[in-house]
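Engineer: just coords:
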(Lines give C-alpha, C1' and ligand atoms only; values in the text may rest on other atoms or scores of the structure.)
Protein backbone atom coordinates (compact mmCIF):
# COMPACT_ATOMS: atom_id res chain seq x y z
CA UNK A 1 0.00 0.00 0.00
CA UNK A 2 1.09 3.53 -0.70
CA UNK A 3 0.08 6.75 1.04
CA UNK A 4 -0.17 10.38 -0.04
CA UNK A 5 -0.27 13.37 2.29
CA UNK A 6 -1.67 16.62 0.94
CA UNK A 7 -1.84 19.99 2.68
CA UNK A 8 -4.90 22.06 1.79
CA UNK A 9 -5.95 25.65 2.35
CA UNK A 10 -9.59 26.69 2.03
CA UNK A 11 -11.92 29.66 2.32
CA UNK A 12 -14.84 29.38 4.67
CA UNK A 13 -15.04 27.05 7.62
CA UNK A 14 -13.69 23.58 8.29
CA UNK A 15 -17.14 21.96 8.32
CA UNK A 16 -17.77 23.06 4.73
CA UNK A 17 -14.32 21.85 3.68
CA UNK A 18 -14.96 18.45 5.27
CA UNK A 19 -18.36 18.11 3.61
CA UNK A 20 -16.83 19.01 0.25
CA UNK A 21 -14.12 16.39 0.72
CA UNK A 22 -16.75 13.78 1.56
CA UNK A 23 -18.59 14.66 -1.64
CA UNK A 24 -15.43 14.21 -3.71
CA UNK A 25 -14.56 10.84 -2.12
CA UNK A 26 -16.38 8.69 -4.74
CA UNK A 27 -14.26 10.27 -7.47
CA UNK A 28 -11.06 9.47 -5.56
CA UNK A 29 -12.14 5.85 -5.12
CA UNK A 30 -12.49 5.54 -8.90
CA UNK A 31 -8.76 6.33 -9.14
CA UNK A 32 -7.62 3.70 -6.62
CA UNK A 33 -7.92 5.45 -3.25
CA UNK A 34 -9.05 3.06 -0.51
CA UNK A 35 -9.04 5.25 2.61
CA UNK A 36 -8.74 8.95 3.42
CA UNK A 37 -8.38 10.83 6.67
CA UNK A 38 -8.25 14.57 7.18
CA UNK A 39 -6.69 16.43 10.09
CA UNK A 40 -7.42 20.05 10.93
CA UNK A 41 -4.02 21.76 11.01
CA UNK A 42 -5.13 25.38 11.28
CA UNK A 43 -8.12 27.69 11.08
CA UNK A 44 -8.27 27.35 7.29
CA UNK A 45 -6.03 24.34 6.64
CA UNK A 46 -6.30 20.56 6.51
CA UNK A 47 -3.87 17.73 5.86
CA UNK A 48 -5.23 14.63 4.18
CA UNK A 49 -3.75 11.17 4.34
CA UNK A 50 -4.94 8.92 1.53
CA UNK A 51 -4.15 5.23 1.25
CA UNK A 52 -3.92 3.91 -2.31
CA UNK A 53 -4.25 0.36 -3.56
CA UNK A 54 -0.83 0.46 -5.26
CA UNK A 55 2.14 2.68 -6.02
CA UNK A 56 1.18 2.61 -9.69
CA UNK A 57 -2.35 3.87 -9.00
CA UNK A 58 -1.02 6.61 -6.74
CA UNK A 59 1.61 7.83 -9.20
CA UNK A 60 -0.74 7.62 -12.18
CA UNK A 61 -3.53 9.58 -10.51
CA UNK A 62 -2.24 11.84 -7.74
CA UNK A 63 -1.75 14.98 -9.83
CA UNK A 64 -5.09 14.74 -11.60
CA UNK A 65 -6.94 13.88 -8.37
CA UNK A 66 -5.40 16.83 -6.52
CA UNK A 67 -6.23 19.18 -9.41
CA UNK A 68 -9.80 17.88 -9.68
CA UNK A 69 -10.27 18.10 -5.91
CA UNK A 70 -9.02 21.68 -5.93
CA UNK A 71 -11.59 22.75 -8.48
CA UNK A 72 -14.42 20.57 -7.14
CA UNK A 73 -14.17 21.45 -3.47
CA UNK A 74 -12.67 24.93 -3.61
CA UNK A 75 -9.48 24.13 -1.73
CA UNK A 76 -5.92 24.84 -2.78
CA UNK A 77 -3.18 22.23 -2.45
CA UNK A 78 -0.19 23.82 -0.72
CA UNK A 79 2.10 20.79 -0.47
CA UNK A 80 2.30 17.06 -0.38
CA UNK A 81 4.37 13.93 0.03
CA UNK A 82 3.97 10.26 -0.76
CA UNK A 83 5.57 6.95 0.07
CA UNK A 84 5.21 3.31 0.99
CA UNK A 85 3.20 2.48 4.09
CA UNK A 86 5.81 1.17 6.53
CA UNK A 87 3.60 0.03 9.41
CA UNK A 88 -0.05 0.08 10.42
CA UNK A 89 -0.99 -0.51 14.05
CA UNK A 90 -4.49 -0.91 15.47
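Structural biologist: Nice, I can see it. Owing to the predicted nature of the structure, the values given are computational and were not obtained by experimental measurement.
Engineer: mind picking out the helix or strand in the chain with the poorest mean pLDDT?
Structural biologist: helix 55-73 (a mean of 84; mean pLDDT, DSSP states H and E).
Engineer: mind checking how far it is from the chain centre?
Structural biologist: Here helix 55-73 shows a centroid-to-chain-centroid distance of 8 Å under the convention C-alpha atoms, centre = their mean, to the nearest Å.
Engineer: contacts only, for the residue nearest the centre of the chain.
Structural biologist: Nearest residue to the geometric centre of the chain (C-alpha atoms, centre = their mean): residue 48, 4.5 Å. Residue 48 is in contact with 4, 5, 6, 8, 21, 36, 37, 38, 39, counting by C-beta atoms under 8 Å, 6 or more residues apart in numbering. For the C-beta atoms, the positions are set from N, CA and C on the backbone; glycine is no exception.
Engineer: do the same with residue 6
Structural biologist: 47, 48, 50, 66, 77, 79, 80.
Engineer: show me which pair in the residues you listed is furthest apart.
Structural biologist: Largest separation among the contacts of residue 6 by C-beta to C-beta: 50 and 79, giving 14.2 Å.
Engineer: these two: which is more packed in?
Structural biologist: residue 50 (25 against 10; other C-beta atoms under 10 Å).
Engineer: that one and residue 11, how far apart?
Structural biologist: Applying C-beta to C-beta, to the nearest Å, the value for residue 50 to residue 11 is 22 Å.
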